[in-house]
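>>> structure here, sequence nowhere to be found:
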Ligand code: 5AD
Ligand code: SF4
């Protein structure tokens with residue numbers, strides 16, 4: 001409480017907070033980066049604004065994995081030309097992978113962009129804003145990290161400047177804290193021939209386990225129940241501690257011990273580099289969820305070789321066979337690229353056969369998009385016509401839909417532990433339009449809620465809003481390819 005008399009307090013104009021419009025495209029890593037950058041901006045007096053034309057600062061956190069994502073950013077920036085003319089003090093910034101990939105052409109196409117910040121330099125954004133306000137000249141921060149020649153060990157020991165961003169983490173008290181991401185590593189060393197990530201995010205560096213565990217404890221103290229560890233290839237996590245290597249399974253077991261954490265997940269895994277201890281940790285540690293996102297990209301050995309994936313289809317299937325043997329009930333998800341350079345109908349058929357054999361829970365399918373600077377852009381022809389890519393894309397998704405539907409329906413009448421995340425999308429939308437779908441059921445005030453099983457299946461059910469953030473048992477009554485519908489079983493279990 002202020003010591004000032006009420007009258008005086010009322011007369012004082014409230015310090016105007018500046019407004020930032022922050023839009024995030026791309027992967028979970030970007031979602032986490034945006035949250036951390038927003039934490040830093042809050043400290044220098046910014047608050048979030050949902051209308052970009054009214055913002056003092058517009059920041060786009062960008063993705064370069066496919067051309068489509070970059071085009072979206074360019075169109076967003078194009079639409080800011082007029083607002084910038086009307087308000088010359090507005091700062092327009094591009095952060096993330098697109099800033100790092102090709103800053104020159106970005107500036108050439110969009111000269112009104114004044115802040116350009118690569119993903120390894122994000123902790124510099126508050127200082128860059130100050131510099132722009134003072135000098136009204138463009139501020140650029142890039143790392144070009146992939147050009148540095150360092151060994152994995154040197155990199156693990158290299159406590160680089162961007163670590164300050166993660167260390168500055170202070171969750172927004174106004175934000176839902178139920179689920180959180182924690183970074184375990186930056187960058188990637190794999191150099192798949194199609195992929196831009198090693199060039200934008202730099203080479204792989206793992207963060208110290210002790211710091212990750214401290215971050216998890218801090219989040220647990222603030223009410224976080226589900227943590228997702230994020231990295232490009234989390235299973236290759238390794239960091240030296242007192243001269244001894246800490247690997248991913250050990251990291252999982254340290255986080256598992258933290259009181260308050262109910263569920264521990266991780267994305268994304270690389271099919272090479274897997275050690276069995278990770279599967280054993282998934283089986284033995286109570287918090288680690290039985291779900292693995294393990295992109296295979298293609299079902300053809302020939303294409304995997306051209307992609308430099310460093311494993312064969314047989315090795316991939318052997319690996320997921322082991323995962324299923326060790327972790328009962330594990331669900332698997334995967335990524336596929338269709339229309340990679342030279343992909344024939346036979347290669348595509350081989351991919352379909354692999355999908356049929358693997359029985360994934362779900363898959364993500366992408367049309368190959370040539371990325372300047374990558375090996376496949378330089379050395380191979382993007383020779384599969386877009387029409388063919390589109391057809392192959394649809395074929396894989398249709399096949400998976402059939403598999404998911406049959407698989408999900410086999411669970412009708414089973415009971416699952418569900419972490420309740422919030423109102424279902426439909427319910428949230430209806431509420432926004434002030435047509436709340438709440439219904440009075442006896443003494444209870446119920447609405448449609450959504451949650452997830454440990455296996456990452458989405459469950460929609462009717463329930464009291466107090467259930468949000470709790471673990472409940474839900475009996476499945478029907479299933480589509482994407483969603484379960486069910487009833488909460490009373491009495492509800494309220495966590496550990
Ligand atoms: N074109 C299409 N898809 C790509 N991915 C990565 N690079 C490309 C590209 N150039 C996909 C891969 C990866 C996912 C995150 O994006 O499937 O697993
Ligand atoms: Fe890209 Fe391959 Fe690294 Fe994944 S493993 S981020 S696809 S280079």
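Here it is on my side, so go on. None of the values given here were measured: they were computed from a predicted structure. Ligands and ions are numbered 1, 2, ... in the order given.
>>> so which bits of the chain are right by ligand 2?
Within the chain, the positions near ligand 2 by CB under 6 Å from any ligand atom are 188, 190, 191, 192, 195, 197, 198, 232, 233, 270. Any C-beta I mention is one placed from the backbone N, CA and C, and that applies to glycine too.
>>> now do the contacts for the fourth one.
If I follow you right, that is residue 192. Going by CB atoms under 8 Å, 6 or more residues apart in numbering, residue 192 touches 297, 307, 308, 309.
>>> again with the last one
Each residue near residue 270 by CB under 8 Å, 6+ apart is listed here: 190, 232, 233, 235, 236, 294, 295.
>>> and the residues you listed, which is closest to ligand 1?
residue 295 (4.1 Å; CB to the nearest ligand atom).
>>> correct me, but the closest one touches residue 268?
Yes. Here residue 295 reaches residue 268: they are 6.4 Å apart, a contact under CB atoms under 8 Å.
>>> which residues in the stretch 151-300 of the chain form strands?
179-183, 185-186, 205-206, 226-230, 238-241, 244-247, 263-267, 291-293 (DSSP state E, counting those that start in this stretch).
>>> make JSON lines out of these and add mean pLDDT and mean neighbour count.
Converted to JSON lines, these look like this (pLDDT from 0 to 100; neighbours: other CB atoms under 10 Å):
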{"stretch": "strand 179-183", "mean pLDDT": "97", "mean neighbour count": "21"}
{"stretch": "strand 185-186", "mean pLDDT": "94", "mean neighbour count": "24"}
{"stretch": "strand 205-206", "mean pLDDT": "92", "mean neighbour count": "26"}
{"stretch": "strand 226-230", "mean pLDDT": "98", "mean neighbour count": "21"}
{"stretch": "strand 238-241", "mean pLDDT": "92", "mean neighbour count": "17"}
{"stretch": "strand 244-247", "mean pLDDT": "96", "mean neighbour count": "14"}
{"stretch": "strand 263-267", "mean pLDDT": "98", "mean neighbour count": "22"}
{"stretch": "strand 291-293", "mean pLDDT": "98", "mean neighbour count": "24"}
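>>> for these, could you give me CSV that also reports distance to residue 449?
As requested, the strands of the stretch 151-300 of the chain are exported to CSV (distance: least, CB to CB, whole Å):
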stretch, distance to residue 449
strand 179-183, 15
strand 185-186, 34
strand 205-206, 37
strand 226-230, 16
strand 238-241, 39
strand 244-247, 38
strand 263-267, 17
strand 291-293, 21
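>>> between the ones you listed, which one is closest to residue 277.
strand 244-247 (7.1 Å; CB to CB).
>>> residues of the stretch 151-300 of the chain that sit close to ligand 1?
194, 195, 295, 297.
>>> quick one: the third one from residue 408, how far?
Meaning residue 295. As for residue 295, its distance to residue 408 is 22 Å (criterion: CB to CB, to the nearest Å).
>>> pLDDT below threshold where in the stretch 201-350 of the chain?
Within the stretch 201-350 of the chain, no stretch falls below the threshold (pLDDT under 70).
>>> next, count neighbours for the residue in it positioned nearest to ligand 2.
At 4.0 Å from ligand 2, residue 232 is the closest residue in the stretch 201-350 of the chain, using CB to the nearest ligand atom. Residue 232: 22 surrounding residues under other CB atoms under 10 Å.
>>> mind pulling up the pLDDT for the residue lying closest to it once chain neighbours are set aside?
Leaving aside its sequence neighbours, residue 232 sits nearest to residue 188 (CB to CB, 6 or more residues apart in numbering; 3.9 Å). Residue 188 carries a pLDDT value of 95.
>>> show me the contacts for residue 188.
With CB under 8 Å, 6+ apart, residue 188 has these contacts: 195, 197, 198, 201, 203, 204, 232, 233.
>>> what's the answer for residue 102, then?
residue 372.
>>> distance check, it against residue 114.
From residue 102 to residue 114 the distance is 17 Å (CB to CB).
>>> what is the burial count for the residue of the stretch 101-250 of the chain found nearest ligand 1?
The nearest approach of the stretch 101-250 of the chain to ligand 1 comes at residue 194, 4.1 Å away (CB to the nearest ligand atom). Residue 194 has 24 neighbouring residues, counting by other CB under 10 Å.
>>> thanks a lot, see you next time.
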